[in-house]
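Structure for this input, please:
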Amino acid sequence: MQTPQRIGHEIAVNDEGFFLNPHDWSEEIVPELAEREGIAELTPKHWEVIRFMRTAYEERGGAPSVRALSKESGIPVKELYALFPKGPAKVAARIAGVPKPVGCI
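Coordinates of the predicted model:
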């Protein structure tokens, strides 16, 4: 089990890097989480997707798949892959501190 550091506080994640407790997340740690995913600089579009994932999780109890993320956020799939090349829904969910989206392998 990996444990990213947050100001002296360890955050428990599963073996795929998803938070075990989404309430441990804060926007303060997003840059570090993004860097671990290979995203050196967060743009306003990155933040839009990350915040969308948080909101979707909080409202529905789950993160959307890539198709649902694109449809519901209005950001085209191609752009999502440009923002999160290693898998938009999965990577955005890890950075947003929410569980793995249903349908992601």
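
host element of T55?
Element membership for T55, per DSSP states H and E: helix 44-60.

So which bits of the helix or strand following that helix are buried?
In the C-terminal direction, the helix or strand that comes right after helix 44-60 (DSSP H and E) is helix 66-73. Residues of helix 66-73 classed as buried: 66, 68-70, 73 (neighbour count, 16 or more other Cβ atoms under 10 Å). Placement of C-beta: from N, CA and C, glycine included.

Could I get those in TSV, plus columns for pLDDT and distance to W47?
Output for these, formatted as TSV (pLDDT from 0 to 100; distance: Cβ to Cβ, whole Å):
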residue	pLDDT	distance to W47
V66	92	18
A68	92	19
L69	93	14
S70	95	17
S73	93	12
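
List just the nearest of the residues you listed to G97.
Lowest distance from G97 to these (Cβ to Cβ) belongs to L69, with 15.8 Å.

Test my guess that that closest one contacts V91.
No. Counting by Cβ atoms under 8 Å, no contact exists between L69 and V91, whose distance comes to 11.2 Å.

any residues in contact with both of these two?
Residues touching both L69 and V91 by Cβ atoms under 8 Å, 6 or more residues apart in numbering: none at all.

now I50: how far from Y81?
Distance of I50 to Y81, given as Cβ to Cβ, to the nearest Å: 16 Å.

Give me the residues contacting stretch 58-73.
Contacts of stretch 58-73 (Cβ under 8 Å, 6+ apart): 48-49, 52-53, 56-57, 75-77, 80, 87-89, 92-93, 96, 98-104.

For those residues, which ChimeraX command selects only the ones that are buried?
Applying 16+ other Cβ under 10 Å to the contacts of stretch 58-73, the buried members can be selected in ChimeraX as follows:
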select :49,52,53,56,57,75,80,87,88,89,92,93,96,98,99,100,101
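
export stretch 40-50 as CSV, just CAs?
Only the C-alpha atoms of stretch 40-50 are listed here, as CSV (Å, rounded to 0.1, in the frame of the first residue of the first chain):
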residue,chain,number,x,y,z
ALA,A,40,4.0,18.9,-14.2
GLU,A,41,1.7,21.8,-14.6
LEU,A,42,-2.0,22.0,-13.9
THR,A,43,-4.0,24.2,-16.2
PRO,A,44,-7.5,25.6,-15.5
LYS,A,45,-8.9,22.7,-17.7
HIS,A,46,-7.2,20.2,-15.4
TRP,A,47,-8.8,21.8,-12.4
GLU,A,48,-12.1,21.8,-14.1
VAL,A,49,-12.0,18.1,-14.6
ILE,A,50,-10.6,17.4,-11.1
